[in-house]
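1. can't give you the sequence, but here's the structure:
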């Protein structure tokens, strides 16, 4: 977990080879524990407001179980689309490596969220406002989500940049071709220079007296120009690829956030309304965003 | 502790921050916590003395004395975990100990300033028996101490920011988290002054509510919304 937070398991050199120096299982276990701890903190409100009734204790149990389920379910739902985008954009992480990457992102999100746990618990004890608790929890989840997704985007950004690196399947043939042209023309140039350095006086007159070396020099110049143009074109194409890939990943991040928000709506209640009896799940009405807006409205006295 | 106070007030942050001690050894940290406890308690007992020094007020005075350092230290303790995670995420974990030391030193400086304003607060209480005036005077004292703390914080954090500019946004993040928690903590731990007509209690458990909602209600009420 510490390695992930410090960013040591997702260094670019490892990613370029499509590998991650991480193991998914301990990360998943740590993430589940962290999610459970935040679930406990969330349900403190129900526990305090419900004065330790049996409903409040069941709410605590439900939140402790549902928080890990919320994150695992969101990852399961969004993982296939991330894999497809990853392949489409040329960042060829294997499903296993991608699973590790997602586990790392989940660990980051849940570490941040769990670090807010004591603050949420403190507000749960000291406030009576249910809408405030909704807004506070949504804000904590939002901050954790933004940091986790920033971590993912940074890592995927390294992957996309790695398209430039020699050794990547797409980049290799073109890069080698350009290198070959450059090397050939370079050696011709070197040869010419070697020939012409023989006589200092004849050096300036040589092209006029002998047509062959002059034509060779002209061809070499043209080859260098062609190679340069080709390289510029390749660089422009890659830049366009990079931009497109980053855009696609950003769109995916938005999809992930929406799925997470809606998943939390499906799995609610997490906090436990003080005036309502306990239920594991509520009716499928309204949506997450309307509910948050309503809570904000109530908080502002509307 | 005297040496710590001396270094805090004089321009010697390096004595506190750049000492070759780590968080685990922590003798400076204990000294800083002790400074917060002692000077916070000192200001607290003055703050709680609004109702006088009669035998029925001693409880309130003691409560206020205990709650002032509790307010600062509990807010600090709740704000540290997210700060730690943010520091690790941004890649500044190795500087975390030094940052905590700087923040704790700032809190210690704040309590020293508060305690130094204590006698003035006592004179204010003696010269004016109005509760609202007492609240306002304490507000001014806390404001002055907070401004001084800002000055100290900049001084203590300067070496960190000079070393790596990423410490600056981290400092803003700290202020945001600490301020957010601190306001609610202050609200939850009231009364600090103790209104004369009310019974002496450690907390107003039946009137906890929420500082931000109370503020919003007051604002909407004032604006007639």
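-> That came in fine, so what should we check first? No experiment lies behind these values; they were computed from the predicted model shown.
2. could you pull out the helices for the chain?
-> By default, I'm working from chain A. Using DSSP state H, the helices of chain A run over residues A:2-5, A:12-16, A:24-49, A:54-88, A:95-126, A:130-161, A:171-196, A:202-209, A:211-266, A:288-299.
3. wrong one, I was asking about chain B
-> Using DSSP H, helices in chain B cover B:2-9, B:13-17, B:27-47, B:58-90, B:96-127, B:131-163, B:167-189, B:211-222.
4. tally up the residues packed near residue B:199, please.
-> Residue B:199 has 9 neighbours, counted by other CB atoms under 10 Å in any protein chain shown. Heads up, the C-betas are built off the backbone N, CA and C, glycines and all.
5. oops, could you answer that again for residue A:293 instead?
-> Close neighbours of residue A:293, defined as other CB under 10 Å, add up to 12.
6. tell me the spacing between it and residue A:228.
-> Distance, residue A:293 to residue A:228, using CB to CB, to the nearest Å: 56 Å.
7. got any ranges where chain B has weak pLDDT?
-> B:1, B:9-26, B:205-208, B:222, B:224-225 (pLDDT under 70).
8. give me the neighbour count for residue B:124.
-> Count around residue B:124 with other CB under 10 Å applied: 19.
9. make that residue B:94, sorry
-> Neighbour tally, residue B:94, other CB under 10 Å: 11.
10. list the contacts of residue B:75.
-> Contacts for residue B:75 (CB atoms under 8 Å, 6 or more residues apart in numbering or on different chains) come out as B:178, B:181, B:182, B:185.
11. keep those residues, but drop any that are not near chain A.
-> Counting by CB under 8 Å from any CB of the partner chain, B:181, B:185 from the contacts of residue B:75 sit close to chain A.
12. between the contacts of residue B:75, which sits nearest residue B:71?
-> residue B:185 (5.5 Å; CB to CB).
13. and the residue most central in space within chain B, what does it touch?
-> In chain B, the centroid-proximal residue (CA atoms, centre = their mean) is residue B:72; its distance is 4.0 Å. Counting by CB under 8 Å, 6+ apart, residue B:72 touches B:36, B:40, B:107, B:110, B:111.
14. was I right about the first one contacting residue B:107?
-> Yes. Checked against CB atoms under 8 Å, the pair residue B:36 and residue B:107 is within contact range at 5.5 Å.
15. between the two, which contacts overlap?
-> B:72, B:73.
16. before we move on, back to that, got JSON lines for the helices of chain B, with distance to residue A:96 too?
-> Output for those, formatted as JSON lines (distance: least, CB to CB, whole Å):
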{"stretch": "helix B:2-9", "distance to residue A:96": "53"}
{"stretch": "helix B:13-17", "distance to residue A:96": "45"}
{"stretch": "helix B:27-47", "distance to residue A:96": "44"}
{"stretch": "helix B:58-90", "distance to residue A:96": "25"}
{"stretch": "helix B:96-127", "distance to residue A:96": "33"}
{"stretch": "helix B:131-163", "distance to residue A:96": "39"}
{"stretch": "helix B:167-189", "distance to residue A:96": "35"}
{"stretch": "helix B:211-222", "distance to residue A:96": "46"}
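17. for residue A:149, find the nearest of those.
-> Nearest to residue A:149, of the helices of chain B and by CB to CB, is helix B:58-90 at 12.4 Å.
18. angle of the closest one against helix B:27-47?
-> 140 degrees (axes from the mean of the first three to the mean of the last three CA atoms, to 10 degrees).
19. which parts of helix B:58-90 are buried?
-> The neighbour-count check on helix B:58-90 (16 or more other CB atoms under 10 Å in any protein chain shown) flags B:60-76, B:78-90 as buried.
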